[in-house]
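Enquirer: My questions concern the predicted model and sequence given below.
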Amino acid sequence: MSCGCMNQSEKGNGRHSMHDHGNMGGKSDDSSMTAMDILDIRYAKGEISMEDYKSMKSEIASRQ
C-alpha cells in the first residue's frame, strides 16, 4: 500500500522514505493517548531501547 507521496524516482525502486503524514488514522489529539500509546510510539521511533521499553511497560502495567 502506498501513501501516494513518493516521487517518480522512489516509485522506480519500490522504496518509500518514512516521513510525517500528520494524522493518518492515528489518535486525534495527544490528550486521548495513553501512557502505553506514547511508550509504543517512542519505541517505534527508536527513542528508547528494548530494555527501557520493557521496563517502562512493566511499570505502566503495575499502576493499572
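Expert: Ah, there it is.

Enquirer: Looking at the protein, which helix is longest?
Expert: Using DSSP state H to define each element, the chain has its longest helix at helix 50-63.

Enquirer: ok, and for stretch 56-64, which residues are buried?
Expert: Met56 (16 or more other Cβ atoms under 10 Å). Heads up, the C-betas are built off the backbone N, CA and C, glycines and all.

Enquirer: can you list contacts of that stretch?
Expert: Applying Cβ atoms under 8 Å, 6 or more residues apart in numbering, the contact partners of stretch 56-64 are 35-36, 39, 48.

Enquirer: Which parts of this protein are helices?
Expert: Under DSSP H, the chain gives helices at 8-13, 35-44, 50-63.

Enquirer: one step back: now the longest helix of the chain against helix 35-44, angle please.
Expert: 180 degrees (axes from the mean of the first three to the mean of the last three Cα atoms, to 10 degrees).

Enquirer: circling back: so which of the helices of the chain is the most surrounded?
Expert: With neighbours taken as mean count of other Cβ atoms under 10 Å, these reach their highest mean count in helix 35-44, at a mean of 14.

Enquirer: mind checking pLDDT for Ser32?
Expert: Looking at Ser32, its pLDDT stands at 91.

Enquirer: for Gln64, same thing?
Expert: 81.

Enquirer: Please apply the same query to Glu47.
Expert: For Glu47, the model assigns a pLDDT of 98.

Enquirer: what's the neighbour count on it?
Expert: For Glu47, the neighbour count with other Cβ atoms under 10 Å is 11.

Enquirer: From Gln64, how far off is it?
Expert: Note on Glu47: its distance to Gln64, by Cβ to Cβ, to the nearest Å, is 23 Å.

Enquirer: what's the answer for Glu51, then?
Expert: 21 Å.
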